[in-house]
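Colleague: dropping a prediction and its sequence here:
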Amino acid sequence: MDLKTTNASPVLTDPAPINKSRLGIHSGLFPYSQSGPSFSSGILTTPRKKPGKLDDARSNGWLDAMKSSSPPSKKMLKDFNVEMASDDDIAYYSWMLKYPSAIKSSFEKIINHARNKKIVMFLDYDGTLSPIVDDPDRAFMSDEMRSTVRNVSTYFPTAIISGRSRDKVYELVGLAELYYAGSHGMDIMCPDRETMFADPSNRIKSTGKHGKELNLFQPAREFLPMIDEVFRTLVENTKDIKGTKVENHKFCASVHYRNVDEKSWSTIAQRVHNILKDYPRLRLTHGRKVLEVRPVINWNKGKAVEFLLDSLGLSNGEDVLPIYIGDDKTDEDAFKVLREGNRGYGILVSSVPKETKAFFSLRDTSEVKQFLKSLVRWKEQNALSMKKRSTK
């Protein structure tokens with residue numbers, strides 16, 4: 001079966017012409033938001049009937065979006081003079097007045113709100129548990145971070161929600177006691193429990209590498225052949241551009257340009273754009289120096305958070321406090337879900353000011369580790385206090 005269609009353009013949902021906002025923040029820093037039909041009776045959405053004619057990646061703001069999708073490189077930072085760096089520090093600390101540190105100024109507030117509640121932890125991987133590196137295959141979390149996450153999962157249900165494939169992020173984290181959601185939540189290893197949240201036809205039983213039966217939820221299964229075909233086409237059409245890396249994350253494909261000369265970025269954007277003209281059921285988004293191809297379905301990390309909470313039987317309780325830590329635009333969907341109705345706390349990991357739906361911030365992965373350790377220490381002390389009171 002030919003998966004392609006003609007006479008249609010890809011649905012591009014992320015960028016818009018880059019302008020200065022009235023807040024003085026570059027629009028490329030504003031949170032990602034998914035457009036398209038809202039979620040109702042089904043998960044799959046249909047492509048727009050008449051998508052606009054998108055013949056040039058540059059004219060649609062994609063090149064500008066690519067340039068603004070990541071903090072400055074180390075080389076760029078070295079070129080800053082002392083006065084400029086000082087201004088950056090002032091801007092960051094001013095930003096923190098709105099998004100205070102989750103460890104320095106707001107930890108007490110978080111744990112006070114968590115008293116008598118069940119905390120559920122959701123963690124992104126790249127840029128949250130592991131540093132952003134030039135080669136995505138070498139984005140390893142430290143043994144200390146792994147031990148910290150294991151300790152967190154001892155006290156709180158813990159899930160990793162990543163843009164990587166579920167198998168890959170499981171391999172990188174290596175903790176069987178966690179729940180995993182790969183491909184931006186389109187491939188979830190979930191509790192073996194019935195849920196009314198989503199169509200049960202998308203729940204399947206599978207066998208893992210070690211013979212363990214897995215309970216999976218995959219709302220985009222029908223797109224697998226299409227994603228695989230686009231992945232192969234992307235590899236073929238970008239192999240002549242030095243530094244380009246294309247990855248197949250099973251339910252989405254990504255084109256990394258972190259190691260590509262900036263002069264070639266427009267070429268990458270245009271080639272990816274041209275390929276997707278033949279796939280109107282796929283859309284293009286961007287993260288930190290990566291272009292991502294995904295199915296046009298109403299599903300994202302926020303939906304994955306809702307699904308996992310529901311699967312755990314924790315979706316409607318006032319005694320539940322979900323906490324989500326992430327660093328990228330794709331995490332904004334989860335932050336938004338938790339912000340609505342003050343349902344929980346989103347924590348953005350960023351060393352530069354960004355507009356976000358999160359409540360709090362952490363500067364980098366070392367602060368993420370510090371926050372998680374503090375959470376475990378608080379829980380241990382709380383449990384010890386309760387034990388002492390019970391023995392009196």
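Modeller: On my side now, so go ahead.
Colleague: all helices of the stretch 151-300 of the chain, in order?
Modeller: Ranges of helices in the stretch 151-300 of the chain, per DSSP state H, counting those that start in this stretch, are 166-173, 224-238, 265-276.
Colleague: in TSV: those helices, plus mean pLDDT and mean neighbour count.
Modeller: From N, CA and C alone the C-beta is placed, and that goes for glycine too. Shown next, in TSV, are these (pLDDT from 0 to 100; neighbours: other C-beta atoms under 10 Å):
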stretch	mean pLDDT	mean neighbour count
helix 166-173	95	20
helix 224-238	97	17
helix 265-276	94	20
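Colleague: now those in JSON lines, with distance to R389?
Modeller: Shown next, in JSON lines, are the helices of the stretch 151-300 of the chain (distance: least, C-beta to C-beta, whole Å):
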{"stretch": "helix 166-173", "distance to R389": "36"}
{"stretch": "helix 224-238", "distance to R389": "54"}
{"stretch": "helix 265-276", "distance to R389": "60"}
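Colleague: all the strands of the stretch 251-392 of the chain, residue numbers only.
Modeller: Secondary structure of the stretch 251-392 of the chain by DSSP state E, counting those that start in this stretch: the strands cover 253-256, 282-287, 290-295, 320-326, 345-349, 360-362.
Colleague: least reliable of those going by mean pLDDT?
Modeller: Confidence, taken as mean pLDDT, is least for strand 282-287 of the strands of the stretch 251-392 of the chain (a mean of 90).
Colleague: output the contacting helices and strands for that one.
Modeller: Where contact means 3 or more C-beta pairs under 8 Å, 6 or more residues apart in numbering; DSSP states H and E, strand 282-287 is packed against strand 11-12, helix 62-67, helix 224-238, helix 265-276, strand 290-295.
Colleague: so what strands line up beside it?
Modeller: Counting by DSSP bridges, the strands paired with strand 282-287 are strand 11-12 (parallel), strand 290-295 (antiparallel).
Colleague: so where is this structure shaky, pLDDT-wise?
Modeller: 1-86, 191-214, 392 (pLDDT under 70).
Colleague: mind giving me the domain ranges of it?
Modeller: Per the TED database, the domain ranges recorded for the chain read 87-219+299-391, 223-295.
Colleague: now, of the strands paired with strand 282-287, which is deepest in the fold?
Modeller: By mean neighbour count, with neighbours taken as mean count of other C-beta atoms under 10 Å, strand 290-295 ranks first of the strands paired with strand 282-287 at a mean of 24.
Colleague: now that strand: how far from the chain's centre is it?
Modeller: Chain-centre distance of strand 290-295: 12 Å, with C-alpha atoms, centre = their mean, to the nearest Å.
Colleague: contacting residues around it?
Modeller: Contact partners of strand 290-295, identified using C-beta atoms under 8 Å, 6 or more residues apart in numbering, comprise 66, 69, 163, 183-184, 186, 220, 223, 226-227, 230, 234, 251-258, 268-269, 272, 276, 281-286.
Colleague: try 7 Å this time
Modeller: The contact list for strand 290-295, computed with C-beta atoms under 7 Å, 6 or more residues apart in numbering, reads 163, 184, 220, 223, 230, 251-256, 272, 276, 281-286.
Colleague: contacting residues for S130?
Modeller: So S130 contacts 139-141, 365 (C-beta under 7 Å, 6+ apart).
Colleague: can I get the strands paired with strand 282-287 in TSV including distance to E306?
Modeller: Converted to TSV, the strands paired with strand 282-287 look like this (distance: least, C-beta to C-beta, whole Å):
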stretch	distance to E306
strand 11-12	23
strand 290-295	18
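Colleague: which one of the ones you listed lies closest to Y345?
Modeller: strand 290-295 (26.0 Å; C-beta to C-beta).
Colleague: just the buried ones from the contacts of strand 290-295?
Modeller: Among the contacts of strand 290-295, those classed as buried by 16 or more other C-beta atoms under 10 Å are 163, 184, 220, 223, 230, 251-256, 272, 276, 281-286.
Colleague: for H113, give me its contacts.
Modeller: L321.
Colleague: pull the one helix or strand it maps to out as PDB, backbone CA atoms only.
Modeller: Using DSSP states H and E, H113 sits in helix 107-114. Extracted as PDB, the C-alpha positions of helix 107-114 are listed here (Å, rounded to 0.1, in the frame of the first residue of the first chain):
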ATOM      1  CA  PHE A 107      10.800  23.700  48.400                       C
ATOM      2  CA  GLU A 108       9.000  24.400  51.700                       C
ATOM      3  CA  LYS A 109       5.900  25.600  49.800                       C
ATOM      4  CA  ILE A 110       5.900  22.400  47.700                       C
ATOM      5  CA  ILE A 111       6.200  20.000  50.700                       C
ATOM      6  CA  ASN A 112       3.700  21.900  52.800                       C
ATOM      7  CA  HIS A 113       1.200  21.500  49.900                       C
ATOM      8  CA  ALA A 114       2.300  17.800  49.700                       C
END
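Colleague: before we move on, back to that, wait, which of the helices of the stretch 151-300 of the chain is closest to L312?
Modeller: Evaluated with C-beta to C-beta, these place helix 166-173 nearest to L312, the distance being 17.6 Å.
Colleague: what residues does the closest one touch?
Modeller: If you take C-beta under 7 Å, 6+ apart as the criterion, helix 166-173 is touched by 125, 140-141, 160, 162, 180-183, 187, 189.
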